[in-house]
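Participant: I'd like to go over a predicted model; first the sequence, then the structure.
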Amino acid sequence: MSWNLFKKKPVQPSGNGTDSKSKPILDNKPLPTKTADIPASTPKPIAQLPNEMALKNKTTCGYVAEKISMEDIENLFPIRNYDQEKLLAFTADLKAEVHPMQTILFHCGNTTDSALYLLKGTISLADENGKVYEIAAGTGEAKFPISSGSIHTATAVAKTDVSVLRVSQKILSPKYAPLSPFSTLVIPEELTKNQLLSGFMHHYNNEELNIPSLPDVAIKLRNAMQNDAGVADIVKIIQHDAVISAKLIGLANCPLYLSAIPVKTCFEAVNRIGLNATRNLVIGLSINRIFKTDSPLIKKYLDEIWKESISISIISFVLATITKQANPEEALLAGLISNIGAVPFLSFAANLPREYCTATDIELALPYVKGPVGHKILSDWGFAEEYRKVPLYAADWYQNNSEKLSLTDIVVLSRLHWKIGHNKKFELPIVSSIPAASKLKNFSLSPERSLTILHEAKQQINDTMRAFSG
């Protein structure tokens, strides 16, 4: 995996939804009309659970394999988001699987090409560390797949008789991912009458928008590093911007880089952080400047999005540090740019009459705007492709565009953790069920582990927030 932030000649995506160095990341094939083939190793009842407690073997099940109804599907994420025609095709001749109590549905560490939803009953999940948690049908957690990654990160056992739905993982590919090229806006039919979104799309397609430029200090720093500039030259560039210089010193003294001896100068800060990390942090600090507006309504949205971006970036830093599969500073920058596509849209909305710009219109439009516009901004700024993918897929729990853990995977996991800790009203999947979690090596995520990560990140988020926003 290449961790270079910038490339001199960015590769443009091809017209078939692929790039020149990776597998296709958009699956435009029609949905199958039947569920995926059930693997040969169909789950069988067992006489012992992983904790070695002997239980009476039960080979009959109180449920019968019923046909899946539209009502069943409409409660499941992300399948419920498909249009009516696809839902009808998906449910044709589709039946649930039923298994008696004590059945092992899947083992931790096993590979799979299917996702599993719990329709009836209760299951227990045990991670590789022996931590056990339960999911019951009808709860918010059961609306999401209990397993969807390529490798199971827990062992699932039927605590009661259960009815489950097994589907191909291809079903979970993002429905609203933009067509190639990735910067193309795609508006769903139900929002074609949204005046705000239609007006923005017209200006965007005609290149009449004021797309923000990469701040001057970040451009100079990038050019200097491409020419192998030393620490002294880098410090001179940063010191020309007194605000960025002061914030960088603040970051060098925050919990991310805590040391017994505080730094007092920009030179000391760069030496402590390192050149590549300094470059990433200066870009992150510069990005804050484009989250500005005089409109009270739009300012509210921009402030919320910026605070969310900082929180996600710090959790990304913590996850990358713990898992040792990504560069922490690169993960931090990926979190900061994950919502960058919202800025031109909100700036456009700020200049419209109030009747064209209601809070409802903004909230309906943002999910379809942030990804493609974010991809365009990062392309214009010369970011490497791995960063350009982050805005496109950061909000998709089931994106699975790489075999190895990517920056997008880190941001997806961090966004899930942020939502877990930020507001309990969200309906969320369990962390071990999403594909990104299955790519972690020698490290498993469970509800208990997630709470630990959030606890570790909390103080860092509060202190780093001041450094970025001060």
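Facilitator: Here it is on my side, so go on.
Participant: can I see the domain layout of this structure?
Facilitator: 70-172, 189-208+291-469 (automatic domain parsing).
Participant: Next, format those as TSV and append mean neighbour count.
Facilitator: All C-beta spots, glycine's among them, are computed from the backbone N, C-alpha and C. Below are the domains of the chain laid out as TSV (neighbours: other Cβ atoms under 10 Å):
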stretch	mean neighbour count
domain 70-172	18
domain 189-208+291-469	20
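Participant: Out of those, the one nearest A242 is which?
Facilitator: A242 lies closest to domain 189-208+291-469 among the domains of the chain, at 14.9 Å (Cβ to Cβ).
Participant: separation between L407 and S316?
Facilitator: 8 Å (Cβ to Cβ, to the nearest Å).
Participant: Roughly how far does I314 sit from G421?
Facilitator: Going from I314 to G421 by Cβ to Cβ gives 12 Å.
Participant: For A394, give me phi and psi.
Facilitator: phi -60, psi -30 (degrees, to the nearest 10).
Participant: That one - nearest residue in space that isn't next to it in sequence?
Facilitator: Excluding the flanking residues, the one nearest A394 by Cβ to Cβ, 6 or more residues apart in numbering is S338, at 4.2 Å.
Participant: what about that neighbour, is that helix, strand or coil?
Facilitator: Using DSSP: H, G, I helix; E, B strand; the rest coil, the structure places S338 in coil.
Participant: quick one: contacts for it?
Facilitator: Going by Cβ atoms under 8 Å, 6 or more residues apart in numbering, S338 touches 309, 312-313, 374, 390-391, 394, 411, 415.
Participant: go again using 7 Å as the cut-off
Facilitator: 309, 312, 390-391, 394, 411 (Cβ atoms under 7 Å, 6 or more residues apart in numbering).
Participant: okay, it: pLDDT?
Facilitator: Per-residue pLDDT puts S338 at 94.
Participant: same deal with the one 5 residues further on?
Facilitator: Among the per-residue scores, V343 holds a pLDDT of 91.
Participant: again with P43
Facilitator: Predicted confidence (pLDDT) for P43: 53.
Participant: for the one 3 residues further on, same thing?
Facilitator: Predicted confidence (pLDDT) for I46: 41.
Participant: before we move on, the earlier item: make TSV from the domains of the chain and add distance to G274 to it.
Facilitator: Formatted as TSV, the domains of the chain follow (distance: least, Cβ to Cβ, whole Å):
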stretch	distance to G274
domain 70-172	32
domain 189-208+291-469	8
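Participant: contacting residues for the most centrally placed residue in the chain?
Facilitator: Nearest to the geometric centre of the chain sits V412, at 2.0 Å (Cα atoms, centre = their mean). With contact set as Cβ under 7 Å, 6+ apart, V412 has these partners: 394, 397, 399, 434, 436.
Participant: Any regions of the protein where pLDDT drops low?
Facilitator: Counting by pLDDT under 70, the ranges of the chain that qualify are 1-59, 83-86, 89-91, 173-181, 258, 423-426, 446-448, 451, 455-460, 462-470.
Participant: what about the strands in it?
Facilitator: For the chain, the strands defined by DSSP state E cover 97-99, 104-106, 114-120, 122-127, 132-136, 154-158, 162-168.
Participant: other SSEs contacting the first one?
Facilitator: When you say that, I think you mean strand 97-99. Judged by 3 or more Cβ pairs under 7 Å, 6 or more residues apart in numbering; DSSP states H and E, strand 97-99 is in contact with strand 162-168.
Participant: Direction included, what does the strand it packs on pair up with?
Facilitator: Paired strands of strand 162-168, with direction, are strand 97-99 (antiparallel), strand 114-120 (antiparallel) (DSSP bridges).
Participant: Need the contact partners of that strand.
Facilitator: 32, 35-36, 38, 63, 68, 96-99, 105, 113-121, 123.
Participant: quick one: contacts for the closest residue to S432 other than its chain neighbours?
Facilitator: Nearest non-adjacent residue to S432, counting by Cβ to Cβ, 6+ apart: T153, 4.5 Å away. Counting by Cβ under 7 Å, 6+ apart, T153 touches 108, 127, 432, 437-438, 444.
Participant: could I get the residues you listed as a markdown table with distance to V231?
Facilitator: Shown next, in a markdown table, are these (distance: Cβ to Cβ, whole Å):
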| residue | distance to V231 |
| --- | --- |
| C108 | 46 |
| D127 | 44 |
| S432 | 43 |
| A437 | 38 |
| S438 | 40 |
| S444 | 39 |
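Participant: Relative to K370, how far out is K193?
Facilitator: 21 Å.
Participant: Over to L256?
Facilitator: From L256 over to K370 the distance is 26 Å, taken as Cβ to Cβ.
Participant: before we move on, the earlier item: turn the strands paired with strand 162-168 into JSON lines, columns for distance to V235.
Facilitator: JSON lines is the format used below for the strands paired with strand 162-168 (distance: least, Cβ to Cβ, whole Å):
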{"stretch": "strand 97-99", "distance to V235": "63"}
{"stretch": "strand 114-120", "distance to V235": "51"}
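Participant: For D361, find the nearest of those.
Facilitator: strand 114-120 (33.1 Å).
Participant: contacting residues around that closest one?
Facilitator: By Cβ under 7 Å, 6+ apart, strand 114-120 touches 36, 63, 72, 76, 96, 105, 135, 137, 142, 145-148, 162-169, 172.
Participant: CA-only coordinates of it, as CSV, when you get a sec.
Facilitator: The C-alpha trace of strand 114-120 is given here as CSV (Å, rounded to 0.1, in the frame of the first residue of the first chain):
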residue,chain,number,x,y,z
SER,A,114,-22.1,-13.9,2.5
ALA,A,115,-23.8,-11.6,5.0
LEU,A,116,-26.2,-12.8,7.7
TYR,A,117,-29.2,-11.0,9.2
LEU,A,118,-31.0,-12.2,12.3
LEU,A,119,-34.8,-12.4,11.8
LYS,A,120,-36.0,-14.3,14.9
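Participant: Check the offset of it from the chain's centre.
Facilitator: Mean-position distance between strand 114-120 and its chain equals 22 Å (Cα atoms, centre = their mean, to the nearest Å).
Participant: next one: stretch 235-242
Facilitator: In terms of Cα atoms, centre = their mean, the centre of stretch 235-242 is found 34 Å from the chain centre.
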